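Participant: take a look and give me a structure for this.
(one chain, ligands or ions: 1)
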Amino acid sequence: MCTKFIVIGYLSGFATRCAKRYVSTMPRPVVISGPSGSGKSTFLKRIMKEYPGAFGFSVSHTTRQPRPGEQDAVDYHFVSRPDMEKAIANNEFIETAEYSKNLYGTSEGVKSIKKTTLNPLYIFIEPPSLAALEARLKGRGTETEESLQRRLEIAKREMEYSRLDGAYDYKIVNDDVDIAYDQFRAILKDDAETVSSLQNGS
Ligand SMILES: Nc1ncnc2c1ncn2[C@@H]1O[C@H](COP(=O)(O)OP(=O)(O)OP(=O)(O)O)[C@@H](O)[C@H]1O
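Facilitator: Below is the predicted model of the structure:
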(Lines give C-alpha, C1' and ligand atoms only; values in the text may rest on other atoms or scores of the structure.)
Protein backbone atom coordinates (compact mmCIF):
# COMPACT_ATOMS: atom_id res chain seq x y z
CA MET A 1 0.00 0.00 0.00
CA CYS A 2 1.37 3.38 -0.82
CA THR A 3 2.06 6.01 1.73
CA LYS A 4 -0.47 8.77 1.80
CA PHE A 5 0.80 12.02 0.58
CA ILE A 6 -0.88 15.25 -0.07
CA VAL A 7 0.28 16.81 -3.23
CA ILE A 8 0.48 20.48 -2.70
CA GLY A 9 2.64 21.52 -5.56
CA TYR A 10 2.15 21.89 -9.20
CA LEU A 11 1.75 24.80 -11.44
CA SER A 12 3.12 26.66 -14.30
CA GLY A 13 6.67 27.08 -13.34
CA PHE A 14 6.98 26.47 -9.67
CA ALA A 15 3.89 26.11 -7.74
CA THR A 16 2.85 25.22 -4.37
CA ARG A 17 -0.55 25.83 -3.27
CA CYS A 18 -2.68 25.78 -0.28
CA ALA A 19 -4.26 28.01 2.24
CA LYS A 20 -2.50 28.29 5.55
CA ARG A 21 -5.15 26.64 7.67
CA TYR A 22 -4.84 23.48 5.59
CA VAL A 23 -1.23 23.00 6.49
CA SER A 24 -1.59 21.97 10.10
CA THR A 25 -3.70 18.91 9.31
CA MET A 26 -1.88 17.36 6.42
CA PRO A 27 0.43 14.39 6.01
CA ARG A 28 3.82 14.96 4.46
CA PRO A 29 3.29 17.08 1.42
CA VAL A 30 4.94 16.60 -1.92
CA VAL A 31 5.96 19.59 -3.97
CA ILE A 32 6.09 18.93 -7.66
CA SER A 33 7.87 21.55 -9.67
CA GLY A 34 9.10 21.95 -13.17
CA PRO A 35 8.88 24.24 -16.14
CA SER A 36 5.56 24.88 -17.73
CA GLY A 37 4.93 21.99 -20.10
CA SER A 38 7.29 19.58 -18.34
CA GLY A 39 4.44 17.21 -17.49
CA LYS A 40 3.31 17.98 -13.95
CA SER A 41 -0.40 17.85 -14.73
CA THR A 42 0.08 14.73 -16.80
CA PHE A 43 1.60 12.85 -13.86
CA LEU A 44 -0.80 14.21 -11.29
CA LYS A 45 -3.84 13.26 -13.31
CA ARG A 46 -2.45 9.80 -13.81
CA ILE A 47 -1.51 9.14 -10.20
CA MET A 48 -4.84 10.37 -8.91
CA LYS A 49 -6.65 8.14 -11.36
CA GLU A 50 -4.53 5.13 -10.48
CA TYR A 51 -4.88 5.65 -6.72
CA PRO A 52 -8.23 7.29 -6.18
CA GLY A 53 -8.45 8.82 -2.73
CA ALA A 54 -4.80 8.25 -1.84
CA PHE A 55 -3.75 11.79 -2.61
CA GLY A 56 -5.13 15.07 -1.63
CA PHE A 57 -4.47 17.89 -3.94
CA SER A 58 -4.45 21.45 -2.91
CA VAL A 59 -5.87 23.61 -5.63
CA SER A 60 -4.08 26.88 -6.33
CA HIS A 61 -5.56 30.21 -7.11
CA THR A 62 -4.77 32.05 -10.28
CA THR A 63 -5.84 35.15 -12.14
CA ARG A 64 -5.14 33.58 -15.51
CA GLN A 65 -7.99 32.53 -17.75
CA PRO A 66 -9.03 28.86 -17.70
CA ARG A 67 -7.75 26.80 -20.61
CA PRO A 68 -10.24 24.71 -22.57
CA GLY A 69 -11.35 21.81 -20.39
CA GLU A 70 -10.09 23.31 -17.13
CA GLN A 71 -12.61 23.46 -14.33
CA ASP A 72 -12.85 26.02 -11.59
CA ALA A 73 -11.96 24.60 -8.15
CA VAL A 74 -10.54 21.49 -9.79
CA ASP A 75 -7.60 22.68 -11.85
CA TYR A 76 -7.36 26.07 -10.18
CA HIS A 77 -9.53 28.49 -8.34
CA PHE A 78 -9.90 31.03 -11.10
CA VAL A 79 -10.25 34.42 -9.48
CA SER A 80 -10.17 38.05 -10.49
CA ARG A 81 -7.06 40.08 -9.85
CA PRO A 82 -8.78 42.35 -7.27
CA ASP A 83 -10.02 39.29 -5.32
CA MET A 84 -6.60 37.74 -5.48
CA GLU A 85 -4.93 40.93 -4.33
CA LYS A 86 -7.35 41.14 -1.41
CA ALA A 87 -6.60 37.54 -0.40
CA ILE A 88 -2.88 38.22 -0.61
CA ALA A 89 -3.31 41.29 1.60
CA ASN A 90 -5.24 39.08 4.06
CA ASN A 91 -2.25 36.77 4.17
CA GLU A 92 -4.25 33.77 2.95
CA PHE A 93 -1.51 32.06 1.03
CA ILE A 94 1.73 30.44 1.98
CA GLU A 95 3.10 32.51 -0.81
CA THR A 96 2.16 34.07 -4.08
CA ALA A 97 3.91 34.90 -7.30
CA GLU A 98 3.38 36.65 -10.55
CA TYR A 99 4.09 34.41 -13.50
CA SER A 100 3.60 35.26 -17.12
CA LYS A 101 1.62 38.36 -16.13
CA ASN A 102 -0.79 36.41 -13.93
CA LEU A 103 -0.88 36.05 -10.20
CA TYR A 104 -0.63 32.62 -8.64
CA GLY A 105 -1.05 31.69 -5.04
CA THR A 106 1.10 30.03 -4.00
CA SER A 107 3.96 29.75 -6.34
CA GLU A 108 7.59 30.17 -7.33
CA GLY A 109 7.39 28.16 -4.22
CA VAL A 110 10.38 26.03 -3.72
CA LYS A 111 12.65 28.64 -2.23
CA SER A 112 9.92 30.09 -0.05
CA ILE A 113 8.46 26.77 1.02
CA LYS A 114 11.89 25.80 2.26
CA LYS A 115 11.65 28.58 4.79
CA THR A 116 8.49 27.05 6.29
CA THR A 117 8.11 24.05 8.60
CA LEU A 118 6.19 22.00 6.02
CA ASN A 119 9.09 19.65 5.32
CA PRO A 120 7.81 18.41 1.97
CA LEU A 121 9.39 16.06 -0.48
CA TYR A 122 10.58 17.99 -3.52
CA ILE A 123 10.28 16.46 -6.97
CA PHE A 124 11.45 18.25 -10.07
CA ILE A 125 10.07 17.23 -13.47
CA GLU A 126 12.42 18.15 -16.26
CA PRO A 127 11.85 18.04 -20.01
CA PRO A 128 14.48 16.14 -22.03
CA SER A 129 15.44 19.41 -23.73
CA LEU A 130 14.20 22.93 -24.29
CA ALA A 131 13.35 21.99 -27.87
CA ALA A 132 11.14 19.15 -26.62
CA LEU A 133 9.53 21.50 -24.14
CA GLU A 134 8.78 23.99 -26.88
CA ALA A 135 7.26 21.27 -29.04
CA ARG A 136 5.06 20.08 -26.17
CA LEU A 137 3.85 23.54 -25.31
CA LYS A 138 3.05 24.15 -28.95
CA GLY A 139 1.34 20.77 -29.16
CA ARG A 140 -0.80 21.59 -26.14
CA GLY A 141 -2.10 24.55 -28.05
CA THR A 142 -2.47 26.79 -25.03
CA GLU A 143 0.15 29.43 -25.73
CA THR A 144 0.51 32.48 -27.89
CA GLU A 145 3.92 33.06 -29.43
CA GLU A 146 4.59 35.64 -26.72
CA SER A 147 3.56 33.46 -23.78
CA LEU A 148 5.47 30.54 -25.28
CA GLN A 149 8.67 32.57 -25.39
CA ARG A 150 8.13 33.79 -21.83
CA ARG A 151 7.62 30.24 -20.60
CA LEU A 152 10.77 29.07 -22.33
CA GLU A 153 12.80 31.89 -20.82
CA ILE A 154 11.49 31.07 -17.35
CA ALA A 155 12.10 27.36 -18.00
CA LYS A 156 15.79 28.04 -18.54
CA ARG A 157 16.07 29.67 -15.12
CA GLU A 158 14.07 26.93 -13.45
CA MET A 159 16.28 24.27 -14.94
CA GLU A 160 19.38 26.12 -13.76
CA TYR A 161 17.98 26.33 -10.25
CA SER A 162 17.17 22.62 -10.29
CA ARG A 163 20.82 21.82 -10.87
CA LEU A 164 21.91 23.39 -7.60
CA ASP A 165 22.88 20.91 -4.93
CA GLY A 166 19.99 20.15 -2.64
CA ALA A 167 17.44 22.08 -4.67
CA TYR A 168 15.28 18.96 -4.99
CA ASP A 169 15.10 15.52 -3.46
CA TYR A 170 14.39 13.86 -6.78
CA LYS A 171 14.61 14.79 -10.40
CA ILE A 172 12.73 13.01 -13.17
CA VAL A 173 13.51 13.57 -16.83
CA ASN A 174 10.21 13.26 -18.60
CA ASP A 175 11.29 11.84 -21.95
CA ASP A 176 9.26 8.67 -22.38
CA VAL A 177 6.11 9.45 -20.44
CA ASP A 178 5.51 5.88 -19.26
CA ILE A 179 9.03 5.45 -17.92
CA ALA A 180 8.95 8.85 -16.25
CA TYR A 181 5.57 8.14 -14.70
CA ASP A 182 6.83 4.84 -13.29
CA GLN A 183 9.66 6.76 -11.64
CA PHE A 184 7.24 9.31 -10.28
CA ARG A 185 5.05 6.60 -8.79
CA ALA A 186 8.08 4.83 -7.31
CA ILE A 187 9.10 8.00 -5.50
CA LEU A 188 5.64 8.45 -4.04
CA LYS A 189 5.58 4.81 -3.00
CA ASP A 190 9.04 5.19 -1.52
CA ASP A 191 10.40 2.41 -3.68
CA ALA A 192 14.05 2.66 -2.65
CA GLU A 193 15.53 0.57 -5.42
CA THR A 194 13.90 2.48 -8.23
CA VAL A 195 14.37 5.91 -6.82
CA SER A 196 18.02 5.82 -5.77
CA SER A 197 19.16 6.83 -9.25
CA LEU A 198 16.81 9.80 -9.28
CA GLN A 199 18.12 11.50 -6.19
CA ASN A 200 19.36 14.99 -6.79
CA GLY A 201 23.10 15.13 -7.06
CA SER A 202 23.62 11.40 -7.53
N1 LIG B 1 6.81 12.50 -22.07
C2 LIG B 1 6.02 13.24 -22.87
N3 LIG B 1 6.16 13.16 -24.20
C4 LIG B 1 5.40 13.92 -25.04
N5 LIG B 1 4.44 14.78 -24.62
C6 LIG B 1 4.26 14.92 -23.28
C7 LIG B 1 5.04 14.14 -22.34
N8 LIG B 1 4.62 14.48 -21.10
C9 LIG B 1 3.66 15.41 -21.25
N10 LIG B 1 3.43 15.65 -22.56
C11 LIG B 1 2.49 16.62 -23.16
O12 LIG B 1 3.10 17.90 -22.98
C13 LIG B 1 2.11 18.88 -22.73
C14 LIG B 1 2.45 19.59 -21.41
O15 LIG B 1 2.26 18.70 -20.32
P16 LIG B 1 1.50 19.17 -18.99
O17 LIG B 1 0.32 20.01 -19.33
O18 LIG B 1 1.32 17.97 -18.14
O19 LIG B 1 2.65 20.12 -18.38
P20 LIG B 1 2.64 21.00 -17.03
O21 LIG B 1 4.02 20.86 -16.46
O22 LIG B 1 1.53 20.58 -16.14
O23 LIG B 1 2.42 22.45 -17.60
P24 LIG B 1 1.86 23.79 -16.85
O25 LIG B 1 2.83 24.07 -15.76
O26 LIG B 1 1.88 24.83 -17.93
O27 LIG B 1 0.48 23.50 -16.35
C28 LIG B 1 0.77 18.16 -22.68
O29 LIG B 1 0.13 18.32 -23.93
C30 LIG B 1 1.15 16.70 -22.43
O31 LIG B 1 0.21 15.81 -22.98
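Participant: only C-alpha atoms for contact and neighbour calcs from this point on.
Facilitator: OK.
Participant: residue contacts, Ile172?
Facilitator: Ile123, Phe124, Ile125, Glu126, Ala180, Gln183, Phe184, Leu198 (C-alpha atoms under 8 Å, 6 or more residues apart in numbering).
Participant: just give the closest residue to the fourth one, not the sequence neighbours.
Facilitator: Nearest residue to Glu126 in three dimensions, chain neighbours excluded: Val173, at 4.7 Å (C-alpha to C-alpha, 6 or more residues apart in numbering).
Participant: okay, and which of the contacts of Ile172 map to strands?
Facilitator: Ile123, Phe124, Ile125, Glu126 (DSSP state E).
Participant: and the third one, how many residues sit next to it?
Facilitator: Burial of Ile125, expressed as a neighbour count using other C-alpha atoms under 10 Å, amounts to 25.
Participant: that one touches Asn174, doesn't it?
Facilitator: Yes: shown here, Ile125 and Asn174 form a contact pair, counting by C-alpha atoms under 8 Å, at 6.5 Å.
Participant: which residues are in contact with both of those two?
Facilitator: Ser38, Gly39.
Participant: returning to that earlier point: looking at the contacts of Ile172, which is nearest Lys114?
Facilitator: Proximity of these to Lys114, judged by C-alpha to C-alpha, is greatest for Ile123, which lies at 13.2 Å.
Participant: sorry, back to before: which two among the ones in strands among the contacts of Ile172 are spaced furthest apart?
Facilitator: Greatest spatial distance among the ones in strands among the contacts of Ile172 (C-alpha to C-alpha): Ile123 and Glu126, at 9.7 Å.
Participant: now list whatever residues contact both of these two.
Facilitator: With C-alpha under 8 Å, 6+ apart as the test, Ile123 and Glu126 both reach Lys171, Ile172.
Participant: residue numbers of this protein in contact with the ligand?
Facilitator: 11-13, 35-42, 136-137, 139-140, 174-177 (C-alpha under 6 Å from any ligand atom).
Participant: show me those that map onto helices.
Facilitator: Among the residues of the chain next to the ligand, the ones falling in helices (DSSP state H) are Lys40, Ser41, Thr42, Arg136, Leu137, Gly139, Arg140, Val177.
Participant: top helix in the chain by residue count?
Facilitator: helix 145-162.
Participant: elements contacting that helix?
Facilitator: In terms of contacts (3 or more C-alpha pairs under 8 Å, 6 or more residues apart in numbering; DSSP states H and E), helix 145-162 is packed against helix 130-140.
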